[in-house]
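**Q** Turn this into a model:
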Amino acid sequence: MHFLLSLVLVLAMTLLPAVADERIGAFVISDASQSAIMLDGEIGVGTPLEFRRALALRPDAKVIVLSSDGGLVASALIIADDIHAKGLSTVIPASARCFSACAFIFFAGKERLVESQLGVHQMWSETPDPSGVQSSVSDILEVLTRFETPTEVFTRMFRTPSEDMYVFTQAELNELVINRVGKGLRGKTDYASLAALIEPETDNPKTPPPTDISVEDDSLRLALYEGLDFYGQDISSEREADVVACAASCLGNQQCIAFTFNANPTLTRGPNCFLKSGTDRLEGYADALSGVFLPPRMSTAPTFEIGVIDPTVDVLPRTDFLGGDLHSSPWAGVDTAGECRMACVDNDQCVAFSFATGPKQCWLKGELGERRSVNSVTSGVKRLETFTASDVLDLSE
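**A** Numbers count the residues shown, from 1 in each chain. Okay, the predicted model is just below:
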C-alpha cells in the first residue's frame, strides 16, 4: 500500500504542470500543496509573523512540513502555540531534519510523523541569575506538557548537552509514541511536493543547531540529598510518580528552587512531592529525597550539618523526660507533637522535647532528664547529623 501511494504521488507530480513556489521568510508555500506549509530554515525573531502571513495565504492548511536546525526558542514556542490552537499536523519528511527549537513546533502537531531525524538537547540561559534559566525551561515544560509530549522526551532533552544533539531512533519514535498518525494525516499527501524541495542533509546530525540560549562554563545543577527534608516554605504539594517527575514539576514552576519527595512506599495516596520556595528550615526524615538547584558557578554542593529529630526513628511515643526544661512554662503557639518537634529542631539550646497531648503543652529540654513511660506524652531526642549530596546531576550531561 505504501509503495502504491508513493507511485501515485510520483506519477501525479510528473504529470502536473510547473507550479509556483513562494517563500515568505523561512516558510514556503506551493500551488501544488494547497493544504501544506513548509518551514525551511532558521527560526528567527520575525518567524512567527512570517508563519501567520503564510497561514493567511493558505487558510485551509492542514500540515506543516518541517526542515530546520532550530533557532530562537521563544519564536518556536509562539509558532507551536499557533499550530496547537489550529489543530494542524506536523511532518518531518525523509529528506529533512528537525532539531532543537524546531522540535517544539513538531510536538505541537495534532498528528505527528517523523520520516527522518528529530533531535533535542538542553537549553541554557546566558544570565548568571538561575531564575533566567528556570523561566526558559519552565516555558518549554509548560508548552510540551500541554502538547502531551512523552515524559521520556524531557529526560533525553535534559540529559543531552547543548553542544550535542539527541536524535531519536526509529524504535524510540514507535515505542514512545512520538509518531501520532491518524486518518487525517494519512489522507493528506500533497505535502510531498514541498518535501521534494528540501535538499538532503549531508553534515553530521549531531552538529549543534543555532539557538537563542547558550551555555558558558556555568551550568544548572541539581543536588540530591537522601534523608534530608526542606521543611516548610511549600509552594504546592502534589502527587507524582517518582522523584524525576517531582524535579520536572519544580523546573516548571518559576518560584521553585528546591523540592522534597516522600519516597515512603506505604503512602499510596495524597501528595508526595512538595515544591519549595526556599531551604531555610532543614530536618532529617529517612524517607525524604530532596533536591535543590545550584546557582551557576557553584562548583560543589553544600554540606548541611544540623540537629535532627527524625520522626521515623527519633520520636518516642508514650515517653516523657522529667526535668531539664528550657523554660518554666510550655512553649507558646504549639498545638501538635510535630510542631513541638520542629520548635526543638529550630532552637540551638534544645536537646529534646516532650509534648503532652491532653493539654497540648510543648516542653523543650535543655538537658535530658529521667525517662519514664506516659501514654499521653510524645518525646524526641535531637542528634547531630551531616548531610552531603548523594548525587549532583549536571543537566548538561
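**Q** alpha carbons only for contacts and neighbour counts from here, please
**A** Noted.
**Q** What's the separation between Ile37 and Ala54?
**A** Distance, Ile37 to Ala54, using C-alpha to C-alpha, to the nearest Å: 7 Å.
**Q** Please name the residues that touch Ser290.
**A** Residues in contact with Ser290, defined by C-alpha atoms under 8 Å, 6 or more residues apart in numbering, are 224-230, 258-261.
**Q** And for Cys340?
**A** By C-alpha under 8 Å, 6+ apart, the contact list for Cys340 reads 331, 334, 353-355, 362-364.
**Q** So which of those is the closest to Arg23?
**A** Val334 (70.2 Å; C-alpha to C-alpha).
**Q** Now the closest residue in space to the closest one that isn't next to it in sequence: which helix or strand?
**A** For Val334, ignoring the flanking residues on the chain, the nearest one in space by C-alpha to C-alpha, 6 or more residues apart in numbering is Cys340 at 6.1 Å. Cys340 is part of helix 337-346, with elements assigned from DSSP states H and E.
**Q** mind listing what's buried in that helix?
**A** For helix 337-346, the neighbour count (16 or more other C-alpha atoms under 10 Å) marks 337, 340-346 as buried.
**Q** likewise stretch 147-157?
**A** Buried-residue list, stretch 147-157, by 16+ other C-alpha under 10 Å: 147, 149, 153-157.
**Q** Other residues contacting that stretch?
**A** Residues contacting stretch 147-157 (C-alpha under 8 Å, 6+ apart): 84, 107-109, 120-122, 141, 166, 176-178.
**Q** Keep only those of the residues you listed that are in helices.
**A** Under the assignment DSSP state H, the contacts of stretch 147-157 contribute 84, 107, 141 to helices.
**Q** from those, which single one is nearest Ser277?
**A** Once C-alpha to C-alpha is applied, the member of those that ends up nearest Ser277 is Leu141, at 18.7 Å.
**Q** Quick check: closest non-adjacent residue to the closest one.
**A** Gly252 (5.8 Å).
**Q** Direction included, what does the biggest strand by length in the chain pair up with?
**A** For the chain, the longest strand by residue count, based on DSSP state E, is strand 282-294. Here strand 282-294 has these sheet partners by DSSP bridges: strand 221-230 (antiparallel), strand 258-262 (antiparallel).
**Q** Show me what counts as buried in the helix or strand following that strand.
**A** Using DSSP H and E, the helix or strand that follows strand 282-294 in sequence is strand 304-308. By 16+ other C-alpha under 10 Å, the buried positions in strand 304-308 come out as 306-308.
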